[in-house]
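> Make a model of this:
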Amino acid sequence: MGEANREKGREKASRAQERLQERAEEMDLIREAQAGSRAAFDALVRQYEHQVLRLALHLTGSEHDAEDIYQEAFLKAFRYIGNFRFECSFYTWIYRIVTNLCLDQLRRRKTRREDHAVVVDRSGDEIDMLATVSDNRSFSNPARELDRKVLGERIQAALDKLTPRERMVFELKHYQGLRLRTIGEMLHTTEETAKNTLFRATKKLRAQLAELR
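Below is the predicted model:
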């Protein structure tokens, strides 16, 4: 038993060392990019391009918007890499750029009232939002497809009633699995404010979807 615990301890220490090494290598790439190395910046892009595109696709629900935001995010990152102060990870920094671009897009879209986005998760599958806001409803097999269609429409209508910031916080928390502290950093606010925003969003969604539960 003692040997097993020691082995687990060694594995944990080894993983921690690997993370430190990866972080150090990433910091070196950032410093090289700040010094003008395009190759170093391209290496950073390759490291995060799939996560960035997936995040933008999920938050906007539009492949076209996601591709535009993906390009604009890395253009901004390249332009402002000199402002990176090593106070957070590059992951948090680039996600912050992406979430703010998505937030701007959602605000524009809400103003135009043209939001027809489908809610998808990180693998591109449709999301059952009611599972997140406490759904105990069971579907009967004969009417399953119709129920799913109606459910999807209700979910979209419920999302549309959230403010862009409420929707952003809700989706980053529940569908991206990010911590409230990280979400707060991305949206230039505090963890407590992000928590309160999440509470309001969840309360609104429960009210909108109550009759379906």
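> Which residue ranges of this structure form helices?
With DSSP state H, the ranges of helices along the chain come out as 2-34, 38-60, 63-80, 90-112, 129-132, 144-160, 164-174, 180-186, 191-209.
> what sits against Ala40?
Ala40 makes contact with Leu29, Ile30, Glu32, Ala33 under the criterion Cβ atoms under 8 Å, 6 or more residues apart in numbering. Where you see a C-beta, it was placed from the backbone N, CA and C, and this is true even at glycine.
> now do 6 Å
Leu29, Glu32, Ala33 (Cβ atoms under 6 Å, 6 or more residues apart in numbering).
> Not counting residues beside it along the chain, what's closest to the second one?
In other words, Glu32. Closest residue to Glu32 apart from its sequence neighbours, by Cβ to Cβ, 6 or more residues apart in numbering: Ala40 at 3.6 Å.
> Give me the neighbour count for the nearest residue to Glu185 once chain neighbours are set aside.
Distance criterion Cβ to Cβ, 6+ apart; nearest residue to Glu185, sequence neighbours excluded, is Thr92 at 5.9 Å. Residues contacting Thr92 under the criterion other Cβ atoms under 10 Å number 13.
> With Glu32 instead?
Per other Cβ under 10 Å, the neighbour tally for Glu32 reads 16.
> same thing with Leu209?
21.
> Kindly state the pLDDT recorded for it?
Listed pLDDT for Leu209 reads 79.
> likewise Thr193?
For Thr193, the model assigns a pLDDT of 93.
> now do the one 5 residues further on
pLDDT, the model's per-residue confidence, is 92 for Leu198.
> That one and Glu171 touch, don't they?
No. Leu198 is beyond contact range of Glu171, at 10.3 Å (criterion: Cβ atoms under 6 Å).
> Which of the two has more residues huddled nearby?
Per other Cβ under 10 Å, whichever of Leu198 and Glu171 has more neighbours is Glu171, with 26 against 18.
> how does this structure divide into domains?
1-112, 118-213 (automatic domain parsing).
> per-stretch mean pLDDT over the ones you listed, give me the minimum one.
Looking at those, the bottom one is domain 118-213 with a mean of 72.
> Next one: Asn5 relative to Arg19, how far apart?
Distance of Asn5 to Arg19, given as Cβ to Cβ, to the nearest Å: 21 Å.
> What separation do you get for the residue nearest to Glu185 and Lys12?
Thr92 is 23 Å from Lys12, by Cβ to Cβ.
> Buried residues in stretch 69-84, which are they?
Ile69, Tyr70, Glu72, Ala73, Phe74, Ala77, Ile81, Phe84 (16 or more other Cβ atoms under 10 Å).
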